[in-house]
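Novice: got a structure for you, letters missing:
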């Protein structure tokens, strides 16, 4: 049985096929124009979903790069401030050493004190460095000014907080350090113990000078308090002066070495090492009868308090043997504390440098991830230009052929042959 097809059906089918070919050609042309294979999710749902995930990861990676840039800026500000503080402490150290010159008069030391007051203000300015966004580098989580000077040193008005930023997918990094940890967390003495002098020694005319000392056996340290008490028997005709000392463990309230047999007083020789319980130091000069020196566990001290101690020492009478001894003992303590403060600054600077180095590594890793993400997105959504051009040419030829055939088909009529 022969099926008859109406002219309308032929025309409708032809138009529909032309429309389909034109749509395909237009889509290929749009792909070439945009460089994208997936124009809508319907073109490739799986690739579209995967591309969305990769795009989100790429955006997060871009934000992390911005965070690293901000972190580097904050750490650079801190490094500049710490470098300035380090240089300033070195300058203070030089002036402190100069202050111990025996040829200086009280007026000379007063001039040094005035100069060091300026250094104290400079150090305060560094500790109160602003971060450029309304806060302060060393105030922790607070926005208030970190330090204010007082009679004994400076009061810290910040907190112990350290601000952090997310700089990696699983890495947060501290972009600040608290002012307390930098300017107040400084060990006294040699870091394990500190030596001291009874102020009454100078009233008795004693000229003994005690060194900061050192640890000889860490396992023997007790963290106890000790007193070194001197006894002087004046010289008599034909009998020289005899100076002896005893060491007392004030924590246990017993002599060193301990009971049951109290030791005899130990003959004193200027500059000879005194050792016990894992520590060692020297006392030089001529202690007076009843003079006392102390050994205490090291504690923490603000660098501003150390500066106040230095100014106080320079403004005391340093004339005469006793005055010079008082000055030397005070400067020895200050020098040790300044050295410890400088070491603490260097430790913090090393930490800042390590964090900045880590940011460099994370930047390199982030750049590699961006390349990987871009490559994945390209494979998922970008058009293969050569393939698309070939397809476009083929579709164009097909459309032209369909248009010609449609024209020919619609032009057929028996009336053309009736004459």
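Specialist: Structure received. Here the structure is a predicted model, which is why all the values come from computation and not from measurement.
Novice: And the next helix or strand past the lowest-mean-pLDDT helix or strand in the chain?
Specialist: In the chain, the helix or strand scored least confidently by mean pLDDT, DSSP states H and E is helix 7-34, which has a mean of 68. Using DSSP states H and E, the helix or strand that follows helix 7-34 towards the C-terminus is helix 45-99.
Novice: just checking, what packs against the very next helix or strand once past that next one?
Specialist: Of the helices and strands lying after helix 45-99 in sequence (DSSP H and E), the nearest is helix 106-127. Helices and strands touching helix 106-127, by 3 or more Cβ pairs under 8 Å, 6 or more residues apart in numbering; DSSP states H and E, are helix 45-99, strand 147-149, helix 303-314. For the C-beta atoms, the positions are set from N, CA and C on the backbone; glycine is no exception.
Novice: Relative to the whole chain's centre, how far out is the longest one?
Specialist: In terms of Cα atoms, centre = their mean, to the nearest Å, the centre of helix 45-99 is set 9 Å apart from its chain centre.
Novice: got the contact list for the closest residue to residue 82 other than its chain neighbours?
Specialist: Excluding the flanking residues, the one nearest residue 82 by Cβ to Cβ, 6 or more residues apart in numbering is residue 349, at 4.8 Å. By Cβ atoms under 8 Å, 6 or more residues apart in numbering, the contact set of residue 349 is 79, 82-83, 86.
Novice: Please tabulate the helices and strands packed on helix 106-127 in JSON lines, including the columns distance to residue 223 and mean pLDDT.
Specialist: Formatted as JSON lines, those follow (distance: least, Cβ to Cβ, whole Å; pLDDT from 0 to 100):
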{"stretch": "helix 45-99", "distance to residue 223": "28", "mean pLDDT": "90"}
{"stretch": "strand 147-149", "distance to residue 223": "30", "mean pLDDT": "94"}
{"stretch": "helix 303-314", "distance to residue 223": "22", "mean pLDDT": "95"}
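Novice: Just confirm residue 85 contacts residue 123, I think it does.
Specialist: Yes. With contact defined as Cβ atoms under 8 Å, residue 85 and residue 123 form a contacting pair (6.6 Å).
Novice: Residue 211 and residue 96: what is the separation?
Specialist: Using Cβ to Cβ, to the nearest Å, residue 211 is found at 16 Å from residue 96.
Novice: Looking at those two, which one has more neighbours?
Specialist: residue 96 (23 against 18; other Cβ atoms under 10 Å).
Novice: so the more buried one touches residue 334, yeah?
Specialist: Yes. With contact defined as Cβ under 8 Å, residue 96 reaches residue 334; the gap is 5.8 Å.
Novice: Show me the domain layout of this protein.
Specialist: 61-187+339-369, 193-295 (automatic domain parsing).
Novice: closest one to residue 46 among these?
Specialist: domain 61-187+339-369 (22.5 Å; Cβ to Cβ).
Novice: Now the terminal residues of that closest one, how far apart.
Specialist: 8 Å (Cα to Cα, to the nearest Å).
Novice: chain center to that domain, what's the gap?
Specialist: 9 Å.
Novice: mind listing what the residue nearest to the spatial centre of the chain touches?
Specialist: With distances taken as Cα atoms, centre = their mean, residue 352 lies nearest the centre of the chain, 3.4 Å away. With contacts defined as Cβ under 8 Å, 6+ apart, residue 352 is in contact with 75, 78-79, 82, 177.
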